[in-house]
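> this one's sequence-less:
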């Protein structure tokens with residue numbers, strides 16, 4: 001093939017990308033506007049709150065000596081730099097979101113603009129016209145660049161108004177998000193369907209975040225191993241170094257090229273990793289609604305459980321470092337909750353909230369999967385048999401509730417095991433399970449809320465993710481943002497108390513359990529009375 005013919009072929013394969021990009025912007029404009037606004041507003045409110053809370057050098061020095069020296073905080077938020085400045089504190093407080101939540105959003109948007117459109121059958125219709133093979137990827141990449149660029153611009157403007165180095169921080173944030181958006185594009189080529197693509201993409205984000213948490217929590221000199229370390233090397237509020245921007249943007253570009261190469265090797269609607277054919281006949285488990293739901297959610301449950309167990313064990317293992325830090329800095333112990341609490345209990349308290357949040361995350365994903373069974377029409381086929389709506393809903397709720405609770409309890413036991421191995425205190429294993437038990441009713445209430453929203457309308461399935469976001473924001477940024485008490489009370493986990501530093505609030509646990517039962521009954525009533533979505 002001549003050079004001219006090759007150029008024409010390449011141009012033809014990208015035909016229609018501009019029209020498809022405009023179609024994305026018009027069709028999904030609400031979602032594409034919402035995400036950058038949420039990111040920007042979170043950065044803005046955090047910067048404002050930090051400027052108000054730490055408005056004197058003494059307060060910032062106290063923060064650096066306490067939160068900045070905490071191994072647990074470094075595991076969640078990354079390594080802090082210039083924590084005696086408002087900029088450094090803002091970046092540190094945003095660490096959990098910038099290193100985990102925002103990349104997960106980028107992955108989700110990339111998959112939504114590509115593989116989810118294939119699953120819905122929209123690209124099949126468009127590909128029948130003048131649409132090049134590479135056009136969907138190019139259109140998605142351009143839209144992602146615009147959306148994530150807006151998020152970075154809002155963040156930079158928010159930080160520039162309060163602290164120095166804001167625009168370098170925003171540029172690094174854009175590079176990091178584009179890199180993980182490219183990870184989402186690659187996941188969309190590999191997986192057999194959109195659900196699998198999300199599992200691949202979010203699994204990569206969570207895995208890299210866990211690796212970084214171990215490196216930072218143990219203060220290992222290996223920050224360059226993950227892209228998060230490249231972002232950390234910018235140090236915009238300490239000793240700014242723009243050089244790591246090259247690694248972030250080059251990494252995004254290389255991964256984007258890889259996504260294009262992988263797209264050339266698969267058919268529309270399929271993945272490089274083909275779905276395995278199931279058995280010729282279903283087993284006894286699949287003959288019941290509960291068995292079917294368990295089979296549908298098996299992969300998601302395994303993924304969340306694996307992540308929760310790794311996190312729990314890792315948090316437990318750094319308990320020994322926490323003991324050394326607290327004993328050398330009594331002010332840290334007072335700040336984290338109690339003058340008389342054992343350092344391991346401080347770790348268990350932080351870990352308990354986080355593991356409970358992971359259980360809620362599984363429930364949110366389970367709710368969206370159940371909604372997908374309804375909107376695809378498959379649920380209508382099930383309900384056309386002798387399976388009643390009430391039986392289906394109760395079976396699904398039971399499986400989701402047991403799945404979320406089992407993730408919490410098993411990972412809490414793993415956290416106790418990690419504490420036991422780090423400190424030699426074998427009783428920590430039992431304490432881990434007890435701690436997990438303290439959060440059971442709060443997690444069940446969260447499951448009931450997610451299912452209640454789904455029972456009202458399949459379009460409300462994403463409310464479980466809203467609840468997950470509310471819980472994590474209140475837990476990790478509630479104090480910094482100085483949220484009002486009524487907002488903090490929106491989190492079911494807040495009502496549990498702060499075990500094991502202080503005993504769990506027994507009355508609150510009972511109220512949470514009764515409320516969860518009432519909402520579960522209400523969801524059955526709502527689901528039986530509404531029409532199925534199609």
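Here it is on my side, so go on. A quick note: this is a predicted structure, and the numbers were derived from the prediction, not measured. Residues are numbered from 1 along each chain as shown.
> before we move on, which element is residue 171 in?
Following DSSP states H and E, one finds residue 171 within helix 166-190.
> which helices and strands sit right next to that helix?
In terms of contacts (3 or more Cβ pairs under 8 Å, 6 or more residues apart in numbering; DSSP states H and E), helix 166-190 is packed against helix 86-93, helix 102-113, helix 135-160, helix 194-217, helix 227-232, helix 244-263. (Glycine included, C-beta is placed from N, CA and C.)
> ok, the residue sitting nearest the centre point of the chain - contacts?
In the chain, the C-alpha nearest the mean C-alpha coordinate belongs to residue 101, at 4.8 Å (Cα atoms, centre = their mean). With contact set as Cβ atoms under 8 Å, 6 or more residues apart in numbering, residue 101 has these partners: 469, 472.
> and the gap between it and residue 94?
10 Å (Cβ to Cβ, to the nearest Å).
> and if you look at residue 143?
25 Å.
> out of these two, which sits in the busier spot?
The neighbour comparison of residue 143 against residue 94 (other Cβ atoms under 10 Å) goes to residue 94, with 27 against 22.
> my read is that the more buried one contacts residue 46, right?
Yes. Shown here, residue 94 and residue 46 form a contact pair, counting by Cβ atoms under 8 Å, at 5.6 Å.
> low-confidence bits of the stretch 101-250 of the chain, can you list those?
Across the stretch 101-250 of the chain, the ranges flagged by pLDDT under 70 are 124, 127-129, 162-163.
> again, only this time at 50
By pLDDT under 50, the stretch 101-250 of the chain has no low-scoring segment.
> again, but for the chain
Ranges of the chain meeting pLDDT under 50: 1, 4-8, 337.
> buried set for the helix holding residue 171?
166-190 (16 or more other Cβ atoms under 10 Å).
> same deal with stretch 399-417?
Buried, per 16+ other Cβ under 10 Å, within stretch 399-417: 399-401, 403-417.
> before we move on, what about stretch 363-370?
363-370.
> what sits up against that stretch?
195, 293, 296-297, 300, 304, 396, 399-401, 403-404, 443, 446-447, 450-451, 453-454, 461-465, 467-468.
> how far does it sit from the chain's center?
14 Å (Cα atoms, centre = their mean, to the nearest Å).
> what of stretch 232-239?
25 Å.
> the helices and strands packed on helix 166-190 into a markdown table, with extra columns for distance to residue 501?
Below are these laid out as a markdown table (distance: least, Cβ to Cβ, whole Å):
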| stretch | distance to residue 501 |
| --- | --- |
| helix 86-93 | 22 |
| helix 102-113 | 30 |
| helix 135-160 | 34 |
| helix 194-217 | 20 |
| helix 227-232 | 30 |
| helix 244-263 | 39 |
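> out of the ones you listed, the one nearest residue 500 is which?
helix 194-217 (20.4 Å; Cβ to Cβ).
> the closest one - contacts with which helices or strands?
Counting by 3+ Cβ pairs under 8 Å, 6+ apart, helix 194-217 packs on helix 71-77, helix 102-113, helix 115-119, helix 166-190, helix 227-232, helix 289-317.
> one more time with 6 Å
Applying 3 or more Cβ pairs under 6 Å, 6 or more residues apart in numbering; DSSP states H and E, we find helix 194-217 packed against helix 71-77, helix 102-113, helix 115-119, helix 166-190, helix 289-317.
> mind putting those helices in TSV, distance to residue 61 included?
Listed next are those as TSV, based on distance: least, Cβ to Cβ, whole Å:
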stretch	distance to residue 61
helix 71-77	16
helix 102-113	29
helix 115-119	48
helix 166-190	22
helix 289-317	27
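> closest one to residue 17 among these?
helix 102-113 (11.9 Å).
> chain center to the closest one: distance?
10 Å.
> got the angle for it vs helix 194-217?
For helix 102-113 against helix 194-217, the angle by axes from the mean of the first three to the mean of the last three Cα atoms, to 10 degrees is 160 degrees.
> contact partners of helix 102-113?
24, 35, 140, 177, 180-181, 183-185, 188, 197-198, 201-202, 205 (Cβ atoms under 6 Å, 6 or more residues apart in numbering).
> burial measure for the residue nearest to residue 392 when sequence neighbours are not counted, as a count.
Among residues not flanking residue 392 along the chain, residue 289 sits closest, at 4.9 Å (Cβ to Cβ, 6 or more residues apart in numbering). Neighbour count for residue 289, taken as other Cβ under 10 Å: 21.
> check contacts around residue 289.
Counted by Cβ under 6 Å, 6+ apart, residue 289 has contacts 387, 391-392, 395.
> among these, who's most crowded?
That'd be residue 392 among the contacts of residue 289, by other Cβ under 10 Å, with 20 neighbours.
> helix or strand: which one has that one?
Using DSSP H and E, residue 392 falls in helix 389-423.
> tell me which other helices or strands that helix touches.
helix 289-317, helix 319-328, helix 343-375, helix 427-438, helix 440-456, helix 506-529.
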